[in-house]
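Asks: Turn this into a model:
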Amino acid sequence: MKQYIKENKERFFEELFSLLRIPSISAKPEHKPDMTRCAERLVELLLQAGADQAAVYPSAGNPVVFGQKTLDPSYKTILVYGHYDVQPPEPLEKWRTDPFEPVIAKDPATGDDAIYCRGANDDKGQLFMHLKAFEYLLSTGQLKHNVKFIFEGEEEIGSGSLPAWVREHKDLLKADVILVSDTTMISDKVPSINCGMRGLAYLEVTVTGPNKDLHSGHYGGAVANPINTLCDMISSLIDKDGRVTIPGFYDDVVELSDADRAQLARAPFDLEEYKEFLDIKEVKGEKGYTTMERTGIRPCLDVCGIWGGYTGVGAKTVLPSVAHAKISMRLVPNQLSSKITELFEKHFLAIAPPYVKVEVEAKEGGNGFLIPITSPAYQAASKAMAEVYGVEPVPSRGGGSIAVLAEMQQILGIDPLLMGFGLERDTIHSPNESYLLRQFFAGMESIAKFYLYY
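Replies: This is a model prediction of the structure:
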């Protein structure tokens with residue numbers, strides 16, 4: 001594969017960049033045409049790579065791309081999942097380059113070559129590696145599997161339409177494993193394979209006080225301020241030990257054994273390096289757990305956005321009528337997103353003081369999942385990555401969520417395998433998202449070798 005990459009890398013860049021230039025932002029309705037345009041471009045690339053069939057399929061939301069190559073019914077079938085939608089690029093002023101004009105540039109900190117663009121890693125760059133590994137194996141006569149591809153356009157907004165589409169096309173999607181590259185590894189010195197991911201419950205809360213904005217001099221101190229009240233309510237959701245205070249929140253959380261915790265602790269972690277990377281003096285989280293455990297095996301609650309009143313230039317002495325916040329709860333396997341959402345709403349309404357009105361609106365969610373590290377797919381991935389990186393990868397738990405994978409696992413009856421090649425330095429979802437070229441190429445090699453060992 002190394003030689004194939006060397007001979008074709010300029011073409012690879014041209015093809016990937018054609019995807020990256022399309023602002024397929026699923027969160028913004030005005031980009032609906034871009035979603036279709038990106039899906040159609042993926043169909044072209046699938047067919048060029050050697051798929052027998054590829055097409056854009058309608059769904060209740062953004063279109064789904066499906067393609068397949070059938071070599072022999074007796075072969076194992078690999079279902080490759082990815083998403084072509086991306087996060088909004090804001091704040092634009094923080095980008096060093098145009099977020100939708102890909103460039104290869106040096107990392108300012110290390111000097112390593114990387115692709116800079118929204119979607120360079122998450123997930124167009126990682127998705128693209130599968131197309132090229134497939135192309136290489138097919139063109140060299142090494143492919144001994146049937147391969148199916150499913151690419152969606154709603155992962156960044158919760159994959160609302162995909163589960164229904166998967167149920168409707170269950171027979172079309174029959175496979176032995178779901179192969180995914182949409183996650184990070186611990187480092188390129190010590191690679192890792194995610195054996196599980198957290199789930200998500202995401203809500204928006206609204207606190208309303210007076211029926212209109214009020215003069216803060218005439219009414220301040222006499223009428224409850226919704227922003228102050230909202231802040232008080234939110235601060236009560238986590239106690240001094242970093243535990244969520246919602247009754248029943250931990251009821252379904254499975255405590256890992258000492259042996260399991262020791263297995264996960266094999267992953268190297270430098271706390272001082274972590275703090276330096278984030279420019280913080282100390283970490284903070286649930287008492288009794290390490291930083292790695294807090295982001296992998298434990299649930300959490302965070303405010304993702306909060307607003308109300310006047311936030312423009314200058315002063316406006318106003319006591320606002322309404323305050324809002326967006327709240328996410330990352331969940332561990334066994335915690336059901338629907339149950340946690342209900343528990344949150346019940347609790348938040350119960351703690352609302354009588355001088356405000358409170359509303360809770362569920363936005364998106366999904367369950368977490370685990371896969372056994374003894375499975376043939378995991379073992380094949382481990383062997384492939386060990387050859388490419390020169391060190392055996394360690395199992396890890398992903399702190400993020402790809403909620404739809406748990407539903408696909410349930411609907412199709414097959415496990416997902418998370419071979420992610422991103423790194424924390426890639427700053428996905430943030431300005432200046434990038435993807436190291438060495439990871440881009442190592443990902444292609446590892447995926448190709450996975451096919452040989454599975």
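
Asks: can you give me the strands in the stretch 251-400 of the chain?
Replies: Ranges of strands in the stretch 251-400 of the chain, per DSSP state E, counting those that start in this stretch, are 300-308, 318-319, 322-331, 357-366, 369-370, 394-398.

Asks: The last one packs against which elements?
Replies: Using 3 or more Cβ pairs under 8 Å, 6 or more residues apart in numbering; DSSP states H and E as the contact criterion, the secondary-structure elements in contact with strand 394-398 are strand 192-197, helix 258-264. From N, CA and C alone the C-beta is placed, and that goes for glycine too.

Asks: Mind listing what's buried along the worst-scoring helix or strand of the chain on mean pLDDT?
Replies: Every helix and strand in the chain was compared by mean pLDDT, DSSP states H and E; the lowest is helix 258-264, with a mean of 81. Neighbour counts over helix 258-264 (16 or more other Cβ atoms under 10 Å) mark Leu264 as buried.

Asks: go on, stretch 108-117?
Replies: Quick answer for stretch 108-117 (16+ other Cβ under 10 Å): 114-117.

Asks: And the contacts of that stretch?
Replies: Stretch 108-117 is contacted by residues 13, 16-17, 20, 96-97, 99-107, 120, 125, 425-426, 432-438, 440 when judged by Cβ atoms under 8 Å, 6 or more residues apart in numbering.

Asks: So for it, mean pLDDT?
Replies: The average pLDDT within stretch 108-117 is 95.

Asks: just stretch 177-194 next, same as before
Replies: Average pLDDT, stretch 177-194: 92.

Asks: Just the CA atoms of it, as CSV, please.
Replies: Provided in CSV are the C-alpha atoms of stretch 177-194 (Å, rounded to 0.1, in the frame of the first residue of the first chain):
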residue,chain,number,x,y,z
VAL,A,177,-19.1,-6.2,10.8
ILE,A,178,-19.6,-2.5,10.7
LEU,A,179,-16.2,-0.9,10.0
VAL,A,180,-15.9,2.8,11.2
SER,A,181,-13.2,5.4,11.2
ASP,A,182,-14.7,8.4,13.0
THR,A,183,-12.8,8.4,16.3
THR,A,184,-9.4,9.3,17.7
MET,A,185,-6.5,7.2,19.0
ILE,A,186,-4.5,8.0,22.1
SER,A,187,-1.4,9.0,20.1
ASP,A,188,0.4,8.0,16.9
LYS,A,189,3.2,6.6,19.2
VAL,A,190,0.7,4.3,21.1
PRO,A,191,-2.3,3.6,18.8
SER,A,192,-5.6,2.5,20.3
ILE,A,193,-8.8,0.9,19.2
ASN,A,194,-12.1,2.1,20.8
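
Asks: If you count neighbours, what's buried in that stretch?
Replies: Buried, per 16+ other Cβ under 10 Å, within stretch 177-194: 177-187, 190-194.

Asks: ok, back up a step: if you look at the buried residues of stretch 108-117, which of them are in strands?
Replies: Those of these mapping onto strands are 114-116, per DSSP state E.

Asks: next one: phi and psi at Met185?
Replies: Main-chain dihedrals, Met185, degrees, to the nearest 10: phi -110, psi 170.

Asks: which residues touch it?
Replies: Going by Cβ under 8 Å, 6+ apart, Met185 touches 191-193, 393, 396, 420-423.

Asks: For Gly308, state which of those residues is nearest.
Replies: Gly422 (34.9 Å; Cβ to Cβ).

Asks: what's the pLDDT at Gly285?
Replies: 97.

Asks: Show the contacting residues for the residue nearest to it when sequence neighbours are not counted.
Replies: Take Gly285 and drop its neighbours on the chain: the residue closest to it by Cβ to Cβ, 6 or more residues apart in numbering is Arg294, 4.0 Å away. Contacts were defined as Cβ under 8 Å, 6+ apart; by that measure Arg294 touches 285-286, 300.

Asks: need those residues in CSV with neighbour count and distance to Arg167, can you?
Replies: What follows is the contacts of Arg294, written out as CSV (neighbours: other Cβ atoms under 10 Å; distance: Cβ to Cβ, whole Å):
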residue, neighbour count, distance to Arg167
Gly285, 17, 37
Glu286, 16, 36
Cys300, 19, 31
